[in-house]
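Undergrad: Got a sequence here, can you build the structure:
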Amino acid sequence: MLKLREDNAVLWLFLAAVTIILTGIGFRDAWPPDEPRFVLVAKEMVQTGQWLIPMRGGEIYPDKPPVFMWAIALVYLITGNMKIAMLLPNAIASIVTLVLTYRLSRSLSDEKTALLSVFVLLLCPQFLIQAKFAQIDAMVACFIWIGVYGFVRHFFIQHNWRWYFTAWAFMGLGIITKGVGFLPILLLIPIAYFSWRRQLLKGSWKKRAAFGPLVMLLVIFTWLGPLLYQGFIQNAPDIQKYLSNILFKQTAQRYANAWHHIEPWYYYLLEVIPVFWLSAVLVVAFNAKRLKDVLTERPPYMALFIWVVLVVTFFSISSGKRGVYVLPALPAISMVAGLLLARFGVPKILAITARLFTFSLSLIISVAGVVLIFNESLANKLITRYHSDAETLTQLAVILVILGILGLATHIIYVVNKPQNKAHPTVPTQSMAVKASPLGMQLVLWIMVMSIIPSTLLSQQLNSFRTPTQLLDKTASAISQTYPLLDFSIIEIGIVDFKEQYLLYSPFGITHFGYHTAKATENGTAWAWLTAARTGAASTMRFILAPKDYEFQCADLSKTASMGVAHRDEWLLIPETAAFSTCELSSTGPIYPPALTPSHSEHIKNTLNSV
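TA: Numbering: from 1, shown residues only. Predicted coordinates for the structure are as follows:
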């Protein structure tokens with residue numbers, strides 16, 4: 001029987017975790033809805049040299065502070081490869097989160113508990129999803145967890161003022177990454193309770209502790225200070241508006257009076273946590289009767305559990321909710337689950353549930369692939385709906401079959417190393433404990449299969465459908481075919497009702513008219529820009545890209561050409577000749593011209609010459 005020693009198990013688990021998290025980097029481009037936005041901002045930072053304020057297409061991006069975009073831009077500056085740059089920061093942040101979870105759990109308990117805590121965290125879907133995508137949440141969760149780690153080490157393990165102040169510093173860094181970086185402060189509530197109960201280390205509170213918030217503010221003001229100077233000393237109105245938005249609208253107003261992502265108060269409890277914290281929730285649920293006694297015996301774990309409850313409650317109070325908001329609490333609940341597993345083992349029913357779930361999902365995936373291969377009617381419907389082709393769909397189906405079969409094959413590990421179902425001395429017979437090694441190996445191998453293949457083979461196949469490159473290349477080709485003798489330097493293309501991916505992946509410069517401009521004003525401004533050559537205000541040939549359902553006004557749409565479908569929208573290319581001579585819509589909106597670099601110019605030449 002294959003059995004791993006505990007010290008080797010730690011090494012192999014971390015090797016598996018690093019492999020899972022890093023594999024797939026460089027295989028795909030930025031995918032909507034959020035990745036293209038952050039990648040575009042980071043790319044503009046590198047191209048323009050302006051890093052203080054996030055910009056997208058020359059327009060201030062007012063919704064988030066810049067730290068996450070700084071990280072992407074820095075890696076891009078070093079590597080020159082955006083496919084690597086966009087995913088590496090979150091991968092590193094997630095690995096740091098795993099390492100700190102292991103170290104904190106080992107310091108509070110032992111090696112076995114630390115191993116199981118990391119194991120539970122790695123199996124939680126929310127953790128892996130965020131580790132492998134270019135969204136802000138994995139990074140801010142890492143900074144928040146560093147804050148929690150510092151507080152727990154200082155108050156419960158050993159006086160360490162360096163870690164205490166580090167916690168405050170990373171809270172500041174978390175705040176200028178995403179406003180919720182202050183969440184470790186909530187841990188001070190149970191810490192204060194245990195201080196009152198005299199269950200903290202003596203001397204944890206001293207006068208110097210009052211300097212913690214100052215450290216946090218100092219970190220925040222390394223970025224905010226220059227902004228305040230430009231906004232209020234130099235009286236820059238755009239920066240004043242940005243500060244108002246980022247300091248008030250995107251924080252207090254978003255929390256107290258959210259305007260989107262509206263969900264009921266029980267959203268996290270019923271729709272997010274049971275699914276995306278699945279492994280941790282199952283362990284805690286199967287040990288619910290023992291939970292209070294275990295936590296009472298261990299104040300640090302009780303403090304962490306209370307902190308999880310406070311974080312979930314904090315986000316549940318706000319009407320605006322997204323599942324990723326509660327990600328920072330996931331390492332803490334994973335530590336509680338790891339402690340329960342180390343103390344009581346894996347109940348037989350939980351082991352059966354885990355094996356049944358992984359087996360069933362693998363079977364469903366493989367069957368879905370087979371159905372796609374042999375069900376021609378279904379295949380044709382999918383091809384039509386997603387504007388794909390038979391070859392691509394067949395390749396995707398084959399990948400699904402392989403993925404499902406390999407998922408099923410991981411169960412051989414458990415069967416070959418099947419343990420004897422003997423009752424654990426501390427667990428009742430009806431809740432028999434199962435040796436963790438074979439089950440653990442099967443689950444880790446299964447999650448590796450389910451992560452690595454989608455991150456590589458599946459991502460490559462889906463990439464062209466998750467970016468608008470085909471539509472943009474077709475636009476360049478259409479212009480080349482219609483105007484074969486056209487000088488490239490006089491082409492200008494504008495876009496309305498756009499998303500960031502169109503600016504990011506365009507082989508040519510694109511002018512836009514503001515991300516938040518009212519539709520009527522955007523339309524009128526685009527019309528004025530399109531027809532500027534008629535009045536001598538422009539010497540270029542101009543076109544507008546617009547979604548068909550945008551119903552662009554002040555133009556004869558019968559003179560437009562369809563460029564195809566991208567992201568569920570059919571796009572029309574509107575030439576200047578299709579524009580009416582007059583338009584009653586307001587044309588006072590902003591105009592953001594493209595920032596063409598030599599590489600962009602060369603790209604459009606190559607694109608047009610290839611036709």
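Undergrad: which residue ranges form the helices in the stretch 351-500 of the chain?
TA: 376-386, 390-409, 411-416, 436-453, 459-466, 469-482, 500-505 (DSSP state H, counting those that start in this stretch).
Undergrad: so which of those is the most packed in?
TA: Ranked by mean neighbour count, the helices of the stretch 351-500 of the chain are led by helix 500-505 with a mean of 23 (mean count of other C-beta atoms under 10 Å). (Glycine included, C-beta is placed from N, CA and C.)
Undergrad: Ok, which of the helices of the stretch 351-500 of the chain comes nearest W196?
TA: Minimum separation from W196 across the helices of the stretch 351-500 of the chain (C-beta to C-beta) falls at helix 436-453, 38.0 Å.
Undergrad: can I get the CA coordinates of the closest one in PDB?
TA: What follows is helix 436-453 as a C-alpha-only set of coordinates in PDB (Å, rounded to 0.1, in the frame of the first residue of the first chain):
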ATOM      1  CA  ALA A 436      -6.500  10.300   4.900                       C
ATOM      2  CA  SER A 437      -3.600   9.400   2.700                       C
ATOM      3  CA  PRO A 438      -5.200   7.400  -0.100                       C
ATOM      4  CA  LEU A 439      -8.300   9.600  -0.200                       C
ATOM      5  CA  GLY A 440      -6.200  12.700   0.000                       C
ATOM      6  CA  MET A 441      -4.000  11.600  -2.900                       C
ATOM      7  CA  GLN A 442      -7.000  10.800  -5.000                       C
ATOM      8  CA  LEU A 443      -8.600  14.200  -4.300                       C
ATOM      9  CA  VAL A 444      -5.300  16.100  -5.000                       C
ATOM     10  CA  LEU A 445      -4.800  14.200  -8.200                       C
ATOM     11  CA  TRP A 446      -8.400  14.900  -9.200                       C
ATOM     12  CA  ILE A 447      -8.200  18.600  -8.600                       C
ATOM     13  CA  MET A 448      -4.900  18.600 -10.600                       C
ATOM     14  CA  VAL A 449      -6.600  17.000 -13.500                       C
ATOM     15  CA  MET A 450      -9.700  19.300 -13.200                       C
ATOM     16  CA  SER A 451      -7.400  22.400 -13.100                       C
ATOM     17  CA  ILE A 452      -4.500  21.700 -15.400                       C
ATOM     18  CA  ILE A 453      -6.400  20.400 -18.500                       C
END
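Undergrad: what does stretch 497-506 rub up against?
TA: With contact meaning C-beta atoms under 8 Å, 6 or more residues apart in numbering, stretch 497-506 is reached by 29-30, 32-33, 36-37, 39-40, 43, 56-57, 467-469, 472, 493, 495, 510, 512, 515, 519, 522, 545-547, 550, 567.
Undergrad: Take those residues and, keeping just the buried ones, write it as a PyMOL select command.
TA: Restricted to buried positions by 16 or more other C-beta atoms under 10 Å, the PyMOL selection for those reads:
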select buried, resi 29+30+36+37+39+40+43+56+57+467+468+469+472+493+495+510+512+515+522+545+546+547+550+567
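Undergrad: Using the three-state scheme, assign the residue nearest to Y164 when sequence neighbours are not counted.
TA: What sits nearest to Y164 in space, not counting adjacent residues and going by C-beta to C-beta, 6 or more residues apart in numbering, is H154, at 4.2 Å. For H154, the assignment made with DSSP: H, G, I helix; E, B strand; the rest coil gives helix.
Undergrad: what sits against H154?
TA: Contacts for H154 (C-beta under 8 Å, 6+ apart) come out as N160, W161, W163, Y164, A167, S204.
Undergrad: If you rank those residues by neighbours, which is first?
TA: Most neighbours among these, by other C-beta atoms under 10 Å: A167, with 26 neighbours.
Undergrad: okay, now the closest residue to L243 other than its chain neighbours: neighbour count?
TA: Nearest residue to L243 in three dimensions, chain neighbours excluded: G231, at 5.2 Å (C-beta to C-beta, 6+ apart). By the criterion of other C-beta under 10 Å, G231 has 19 neighbours.
Undergrad: show me the contacts for G231.
TA: By C-beta under 8 Å, 6+ apart, G231 lies in contact with I239, Q240, Y242, L243.
Undergrad: Spatially nearest residue to the first one (excluding sequence neighbours)?
TA: This points to I239. I239 sits nearest to G231 (C-beta to C-beta, 6+ apart), 3.9 Å away.
Undergrad: May I have the residues that are in contact with the closest residue to N287 other than its chain neighbours?
TA: With C-beta to C-beta, 6+ apart as the criterion, N287 has its nearest non-adjacent residue at 4.4 Å, and that residue is L340. Residues in contact with L340 (C-beta under 8 Å, 6+ apart) are V283, V284, N287, R290, L291, V294.
Undergrad: The most centrally placed residue in the chain: what's it in contact with?
TA: The chain has Q135 as the residue nearest its centroid, 2.7 Å off, counting by C-alpha atoms, centre = their mean. Contact partners of Q135, counting by C-beta under 8 Å, 6+ apart, are D34, E35, F38, N90, V324.
Undergrad: The first one: neighbouring residues, count only.
TA: When you say that, I think you mean D34. 17.
Undergrad: Need the phi and psi values for W163.
TA: Dihedral pair for W163: phi -70, psi -30, per degrees, to the nearest 10.
Undergrad: quick one on the thing from earlier: would you format the contacts of H154 as a markdown table with pLDDT included?
TA: Putting the contacts of H154 into a markdown table (pLDDT from 0 to 100) gives the following:
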| residue | pLDDT |
| --- | --- |
| N160 | 89 |
| W161 | 93 |
| W163 | 96 |
| Y164 | 96 |
| A167 | 98 |
| S204 | 71 |
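Undergrad: show me where pLDDT drops low in the stretch 1-150 of the chain?
TA: 1-7 (pLDDT under 70).
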